[in-house]
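J.: Show me the folded form of this:
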Amino acid sequence: MKTFKQYLKEREVAWQQSASTKIFDFSQIQYMQIPLTSKTMEWIFKVQLPRATVFHVTSVDGFKNLKRLQNKRKSISAFFNMDASTMEHGIQGGGGVVAELDANIILSSKGDVMSMPDKTGRRWVELMNIDKKKTMHKELEQMLIDIAIKHDPKTKELMKIEPDIGLGAWWHLRTTLKDDGKKLALVIADYIDGVNTILNKHKKEIQGAVHGYYVRRGAVKVKHPSGRMVGGDSKISEWNMYDEQVVDKIKIEKVHTFYSQSHADRPKKEIVSHLGKIPHKHWNNARELSTYVSQVADAEIRSMGRSKG
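T.: This next block holds a predicted model:
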């Protein structure tokens, strides 16, 4: 029988797919995977958002890896707010430990955008999460077909036989290049370059989806299902479970643990030897910690001089 740690490890491996898998791993164009890095976002939007205090749920083992990511470009998923239930059960990286971070914001969302890392640490999101009005859908579909034609001349013949094949030409390329690592690397490069060019062309249409929540958070007061009033997006009524922030160049400011039925006090005991000089606080339960997290977010909003009216 598998141990819980083995189960979590298998989930992590499945989550961290290679870029060569991600560029083909979608069934419809709205699920197309879009790579995000701080360098790309800075190039497109010509702005670096102010660093912010965010939080990241992980496990004791995950915390060891998190320490190695400090001040690096590898991105992680974090949040400004998270409800107690989600915090207690953990998300993809496990649970029991919450790291308080100072970080660069790459993408700011009111909800879970299901960002997924590849094996290099680059995070990917589905197209529908940043292009809700489908502004870029047709251009990106044509881009994929053009790449397929470029790297497999037989694609044109295939399209003559099946004129309506559409994205089938792209998935056919995957089969053709399955065992050719060098050509796959060229396809990945063309894919990323092509996506970035189209993102840049439509930056005005997508900036709200990429940065809007961070820019507007705290501009209005919205009600969370728990009853607390929290900062949020002026176009939504609430954040749900947690508001995902894709961040990089992190600095760990503090580490939190809490008592739960699933973990008891085990994370508190196990984390100590890995802290070094990083401050640590243990909480009686996830609800107390969730309240603290929201209070930190509120305090930061006030320090930025934003009204919550």
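J.: dump the residue contacts of residue 47.
T.: residue 211 (C-beta atoms under 8 Å, 6 or more residues apart in numbering). From N, CA and C alone the C-beta is placed, and that goes for glycine too.
J.: Let the chain start at 589 from now.
T.: Noted, 589 is the first residue going forward, which turns the last one into residue 635.
J.: backbone phi and psi for it, please?
T.: Note on residue 635: its backbone torsions stand at phi -150, psi 140 [degrees, to the nearest 10].
J.: measure it to residue 692 for me?
T.: Distance of residue 635 to residue 692, computed by C-beta to C-beta, to the nearest Å: 12 Å.
J.: what does residue 874 give?
T.: Applying C-beta to C-beta to residue 874 and residue 692 gives a distance of 27 Å.
J.: Counting neighbours, go ahead and name the busier of these two.
T.: residue 874 (24 against 21; other C-beta atoms under 10 Å).
J.: Tell me the confidence at that one?
T.: What the model reports for residue 874 is a pLDDT of 93.
J.: can you pull the contacts of it?
T.: Residue 874 touches 672-673, 675-676, 846, 848, counting by C-beta under 8 Å, 6+ apart.
J.: give me that answer again for 6 Å
T.: Going by C-beta atoms under 6 Å, 6 or more residues apart in numbering, residue 874 touches 672, 675-676, 846.
J.: Lowest-confidence one in those residues?
T.: Within the contacts of residue 874, pLDDT is lowest for residue 676, at 85.
J.: Please report phi then psi for that residue.
T.: Per degrees, to the nearest 10, the backbone of residue 676 is at phi -70, psi -40.
J.: What's the separation between it and residue 648?
T.: 16 Å.
J.: now residue 890
T.: Distance from residue 890 to residue 648, by C-beta to C-beta: 33 Å.
J.: what's the answer for residue 837, then?
T.: Taking C-beta to C-beta, one finds residue 837 at 23 Å from residue 648.
J.: Check residue 759 too.
T.: 40 Å.
J.: Compare the two (neighbour count), which wins?
T.: Taking other C-beta under 10 Å, residue 759 and residue 648 do not tie; residue 648 has more neighbours (20 against 16).
J.: Tell me who's in contact with that one.
T.: Contacts of residue 648 (C-beta under 6 Å, 6+ apart): 685, 855, 858-859.
J.: Could you pull out the strands in the stretch 689-838 of the chain for me?
T.: Using DSSP state E, counting those that start in this stretch, the strands of the stretch 689-838 of the chain run over residues 704-705, 711-714, 808-811, 817-820, 830-846.
J.: possible to save those strands as CSV with mean neighbour count and distance to residue 625?
T.: Output for the strands of the stretch 689-838 of the chain, formatted as CSV (neighbours: other C-beta atoms under 10 Å; distance: least, C-beta to C-beta, whole Å):
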stretch, mean neighbour count, distance to residue 625
strand 704-705, 20, 11
strand 711-714, 21, 8
strand 808-811, 14, 30
strand 817-820, 21, 26
strand 830-846, 22, 8
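J.: Out of those, flag the one nearest residue 737.
T.: strand 711-714 (24.0 Å; C-beta to C-beta).
J.: in its sheet, what does that closest one sit against?
T.: strand 621-624 (antiparallel), strand 704-705 (antiparallel) (DSSP bridges).
J.: Please name whichever of these is nearest to residue 735.
T.: Short answer: strand 621-624, nearest of these by C-beta to C-beta, at 14.2 Å.
J.: C-alpha coordinates for the closest one, PDB please?
T.: What follows is strand 621-624, C-alpha atoms only, in PDB (Å, rounded to 0.1, in the frame of the first residue of the first chain):
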ATOM      1  CA  GLN A 621      -1.300  26.300 -22.300                       C
ATOM      2  CA  ILE A 622       0.200  29.800 -22.000                       C
ATOM      3  CA  PRO A 623       3.700  30.100 -20.400                       C
ATOM      4  CA  LEU A 624       4.200  33.000 -18.000                       C
END
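J.: Which positions in it come out as buried?
T.: Residues 621-624 are the ones in strand 621-624 that count as buried (16 or more other C-beta atoms under 10 Å).
J.: Skip ahead from that strand and say which helix or strand is next.
T.: Next helix or strand after strand 621-624 toward the C-terminus (DSSP states H and E): helix 626-633.
J.: Kindly calculate the angle that that following helix makes with strand 830-846.
T.: Orientation check (axes from the mean of the first three to the mean of the last three C-alpha atoms, to 10 degrees): helix 626-633 against strand 830-846 gives 150 degrees.
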